[in-house]
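Student: I'd like to go over a predicted model; first the sequence, then the structure.
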Amino acid sequence: MNFEALVPPNIKETVISWIEEDLPLLDVGGYVVGDKEETGHLLCKSSCTMAGRPWAEAVYEYFNLKVEWKHSDGDVIICTAVGIKNREGWNGEIAGTRKTTPGLRAVEKYSLIVGGGSTHRNDLSQMVMLKDNHIWSCGDITKAVTKAKSAAGFSMKVEVECQSIEEAWTAAAAGAEVVMLDNFDPKDIGNAALKVKEKFPNVVVEASGGITQDTMHLFMDSHVDVISRGNLTQGYPCIDFSLKIQR
């Protein structure tokens, strides 16, 4: 069956509005990368490839993953996460990520705060996050942080996504106020955070990547300041909406 006609005529404008709600007034991350052309590969969550498919069908698949979100699920996840923090007696912060359901950013961020969590970045204007693609494009961590700091000034923090203790040291030495220890094994996170704090006691250490409700307590080390999880603002199940339509 061809469901392309189900997509409303103004869907493109709607999707653009979702993107615009996250756009910064000044794009420091874009400034770090510059205007040279780069090549990237998009990995989809389904077995289908986006290449060569009609635009409307691609949008429809996006809706398959996003449209069945329920706020109650998100509230339960947030409150459970905060409950684990209290049970463990951990003094750090449980944070969502910048990722939210399109069009529902304000609602989901509000739910996160009410549930006892922290918002991390509300949008791209709040704090500069330098990820691996920024680093690769700019050349190295020191260059990327230095360039970001030159545009961010004194009032905006810079965070760097780090894959090793050495990268975290480099980022902190360059002036990053926050280092993210990304996809670290829980058995290594405490020692890694300690080594960062020993050299840079004022740097905020964040643990992120692959952290679930069941494993979160393993990351609650005294040297970890923040634990972030994307599903705190994406508390919806991935329901196959197409099956419902076909019935």
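Tutor: Good, I have the coordinates.
Student: Nearest the geometric middle of this protein, what residue?
Tutor: In the chain, the residue lying closest to the centroid (C-alpha atoms, centre = their mean) is residue 97, at 4.0 Å.
Student: thinking that residue is in contact with residue 228, fair?
Tutor: Yes. Counting by C-beta atoms under 8 Å, residue 97 touches residue 228, with 5.5 Å between them. Heads up, the C-betas are built off the backbone N, CA and C, glycines and all.
Student: what residues do the two have in common as contacts?
Tutor: 120, 208 (C-beta atoms under 8 Å, 6 or more residues apart in numbering).
Student: Roughly how far does the nearest residue to residue 18 once chain neighbours are set aside sit from residue 214?
Tutor: Leaving out its chain neighbours, the residue that sits closest to residue 18 by C-beta to C-beta, 6 or more residues apart in numbering is residue 102, at 3.7 Å. Distance of residue 102 to residue 214, given as C-beta to C-beta, to the nearest Å: 28 Å.
Student: Pick out whichever of these two has more residues nearby.
Tutor: Ranked by neighbour count (other C-beta atoms under 10 Å), residue 102 and residue 214 place residue 102 first, with 17 against 8.
Student: can you pull the pLDDT of that one?
Tutor: You'll see residue 102 listed with a pLDDT of 76.
Student: May I have the secondary structure class of it?
Tutor: Of the three states, residue 102 takes coil according to DSSP: H, G, I helix; E, B strand; the rest coil.
Student: So it is in contact with residue 22, correct?
Tutor: No. Between residue 102 and residue 22 there is no contact under C-beta under 8 Å: 9.3 Å.
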